[in-house]
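**Student:** Compute the structure for the input listed below.
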Amino acid sequence: MTHAVLTRAAREALQARAREAAYAMPLEDIDLSDGALHAQDTVWPYYERLRREAPVHFRREAGAVAGRAFWSVTRYQDIMSVDINHKVFSSEAEHGGIVVMNVPARVRNRSFIAMDPPDHDAQRRAVSPVVAPDNLKRLSGLIRERVCRILDDLPRNETFDWVERVSKELTAQMLATLFGFPFDDRHLLPYWTEVITAVPPIDDEPAWQARDVELARMFDYFTGLWNERVNAEPSNDLISMLAHSPATREMTPSNFRGNVVLLTVGGNDTTRNSISGGLWFLNQNPDQYEKLVANPALVTSMVPEIIRYQTPLSHMARTALVDTELAGQTIRAGERVVMWYASGNRDDAAIEEPDRFIIDRARPRNHLSFGFGIHRCVGNRLAEMQLTILWEEILQRFPRIEVVGEPVRVNSCFVHGIASMPVRIPA
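**Tutor:** Numbering: from 1, shown residues only. As a prediction, this is how the structure comes out:
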């Protein structure tokens, strides 16, 4: 991947052009599902305009990757209202699931995040022990040991890809541990995550078929692990928990595939992209980097601020079960509703100076990145713990880590991710 090197002035000019385009476009034409806006990091003025002028906005034409018309909800309080009201706004896969992207029927697998109660509650409980306080305490020492090994192996005064060497590697190791996945094959986990989240155009059948082949490999591999665990004594890993829980041991193949996808993506993207985003934000805000170096205890408040500012998953979608009203708009039963978490996290009605990255905020956990209600991210404390340990250990080793080129961002309206980012650690 090639990395441009933009000056601050060039970056500000790019954002100014994006802002001009966002406000010149007819309101009804704004399409937040356009992955290019996210890949170019130019989606922010579109969020801003909708928050101001149409906080519950109907896109009548199917978007670039959306399968049908949809409502965009962009303000913090409105997003929370949708998220906590699962009786009106359904996550069920059969109604459309949790993403705005259109996908062929054959790949719409049902996971517990794409369920409503009571099925959701029972299946979520099956895997919750992996992030129980006692297990997190047990994992913390292992995470620190691995973080130290990864950081000590990094080159000095040499450009390398932070995503590949640190963000991917740490999350792959952690995910392998959570799944009880063969450690030497851990590289498959971030690879499969990228296959899952790279959604081709709905009419690109060859691309979908190629994706099907790769995911069939993934599901075959996980089926082998399932067969091992279901015939063994219960153990403290996700596959064993699914295999032995009364709520999940009789899952359909589609349900099994859906839960594997959910746990793979959920266990990877939040932490991985926050690891990358945090270093980028500190480099773009040297005053905050100085503040952190002077007071490493600020890691505790910086970590949730990174997660807010990055917002690793830009949106979650729901389907209205009944006619309802939101912010003065009537939403009809069966219509799709998309909660743009990334926009809500920049809403100045809920967060003071939301466009600034401030590592010592008074209320740093006042963000939407983990969602609310019954679908709040089950692994939120684990994600925070990994980031906290990483930055504690970075600060003990490196006065600075310099980003030396623009990040390459993921072309996705769902995963707000960084694919690669060149850095250098001064000797």
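**Student:** show me where the stretch 151-300 of the chain has strands.
**Tutor:** Ranges of strands in the stretch 151-300 of the chain, per DSSP state E, counting those that start in this stretch, are 160-161.
**Student:** how close does A93 sit to M339?
**Tutor:** 17 Å (C-beta to C-beta, to the nearest Å). Where you see a C-beta, it was placed from the backbone N, CA and C, and this is true even at glycine.
**Student:** any idea how far Y289 is from I394?
**Tutor:** 11 Å.
**Student:** Who has more neighbours out of those two?
**Tutor:** I394 (22 against 18; other C-beta atoms under 10 Å).
**Student:** The more buried one reaches C148, doesn't it?
**Tutor:** No: judged on C-beta atoms under 8 Å, I394 makes no contact with C148 at a distance of 10.4 Å.
**Student:** coming back round to it: neighbour count for A93 and M339, which is higher?
**Tutor:** Neighbours were counted for A93 and for M339 using other C-beta under 10 Å; M339 has more, 28 against 18.
**Student:** Could you identify the helix or strand that succeeds the lowest-mean-pLDDT helix or strand in the chain?
**Tutor:** Lowest mean confidence among the helices and strands of the chain (mean pLDDT, DSSP states H and E): helix 8-24, at a mean of 89. Per DSSP states H and E, the first helix or strand lying C-terminal to helix 8-24 is helix 35-39.
**Student:** so where's this structure uncertain?
**Tutor:** 1-6, 62-65 (pLDDT under 70).
**Student:** quick one: the biggest helix by length in it to helix 8-24, angle?
**Tutor:** Ranked by residue count, the top helix of the chain under DSSP state H comes out as helix 253-284. Relative orientation of helix 253-284 versus helix 8-24 (axes from the mean of the first three to the mean of the last three C-alpha atoms, to 10 degrees): 130 degrees.
**Student:** Distance from the chain centre to helix 253-284, please.
**Tutor:** 5 Å (C-alpha atoms, centre = their mean, to the nearest Å).
**Student:** One more: stretch 281-291?
**Tutor:** With C-alpha atoms, centre = their mean, you get 23 Å for stretch 281-291.
**Student:** ends of that stretch, how far apart?
**Tutor:** 13 Å (C-alpha to C-alpha, to the nearest Å).
**Student:** Show me what it is in contact with.
**Tutor:** 292, 298, 302, 306, 309-310, 356-360, 400-403 (C-beta atoms under 8 Å, 6 or more residues apart in numbering).
**Student:** buried ones in it?
**Tutor:** F281, L282, N283, N285, Q288, Y289, K291 (16 or more other C-beta atoms under 10 Å).
**Student:** How about stretch 90-97?
**Tutor:** Counting neighbours by 16+ other C-beta under 10 Å, the buried set in stretch 90-97 is S90, S91, E92, A93, H95, G96, G97.
**Student:** Take the residues you listed and keep only those in strands.
**Tutor:** S90 (DSSP state E).
**Student:** can you redo the buried residues of stretch 90-97 as CSV with distance to F160?
**Tutor:** Listed next are the buried residues of stretch 90-97 as CSV, based on distance: C-beta to C-beta, whole Å:
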residue, distance to F160
S90, 45
S91, 40
E92, 44
A93, 40
H95, 45
G96, 41
G97, 38
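**Student:** is it true that W71 touches V56?
**Tutor:** Yes: counting by C-beta under 8 Å, W71 does reach V56; the two are 5.9 Å apart.
**Student:** Spit out the residues that contact these two alike.
**Tutor:** L326, Q329, I331.
**Student:** Tell me how many other residues crowd the first one.
**Tutor:** Using other C-beta under 10 Å, L326 has 19 other residues around it.
**Student:** Phi first, then psi, for the nearest residue to it once chain neighbours are set aside.
**Tutor:** Computed as C-beta to C-beta, 6 or more residues apart in numbering, the closest residue to L326 that is not its neighbour in sequence is V56, at 5.2 Å. Backbone geometry at V56, expressed as degrees, to the nearest 10, gives phi -120, psi 100.
**Student:** Could you report the separation of V56 from Y341?
**Tutor:** 15 Å.
**Student:** just P364 next, same as before
**Tutor:** 16 Å.
**Student:** Which of the two has more residues huddled nearby?
**Tutor:** Y341 (25 against 19).
**Student:** Who's the closest spatial neighbour of that one, skipping the chain neighbours?
**Tutor:** Here the residue nearest Y341, using C-beta to C-beta, 6+ apart, is L368, at 4.4 Å.
**Student:** wait, is that neighbour part of a helix?
**Tutor:** No: counting by DSSP: H, G, I helix; E, B strand; the rest coil, one finds L368 to be coil, located in no helix.
**Student:** buried sites along the longest helix of the chain?
**Tutor:** 255-283.
**Student:** Which residue ranges of the stretch 301-427 of the chain form strands?
**Tutor:** Going by DSSP E, counting those that start in this stretch, the stretch 301-427 of the chain shows strands at 315-320, 324-326, 329-331, 336-340, 402-403, 408-409, 418-420, 422-424.
**Student:** for those, which one sits closest to K168?
**Tutor:** Relative to K168, the nearest member of these by C-beta to C-beta is strand 418-420, separated by 9.8 Å.
**Student:** Identify the residues contacting V378.
**Tutor:** Counting by C-beta under 8 Å, 6+ apart, V378 has contacts R124, V127, S128, V131, G266.
**Student:** how much space between the last one and M316?
**Tutor:** Distance of G266 to M316, computed by C-beta to C-beta: 12 Å.
**Student:** Show the backbone phi and psi for H416.
**Tutor:** phi -90, psi 90.
**Student:** and it, how many neighbours does it have?
**Tutor:** Neighbour tally, H416, other C-beta under 10 Å: 24.
**Student:** residues contacting the closest residue to T171 other than its chain neighbours?
**Tutor:** Distance criterion C-beta to C-beta, 6+ apart; nearest residue to T171, sequence neighbours excluded, is R272 at 4.3 Å. The contact partners of R272, taken as C-beta under 8 Å, 6+ apart, are V163, S167, K168, L170, T171, P190, P312, G417.
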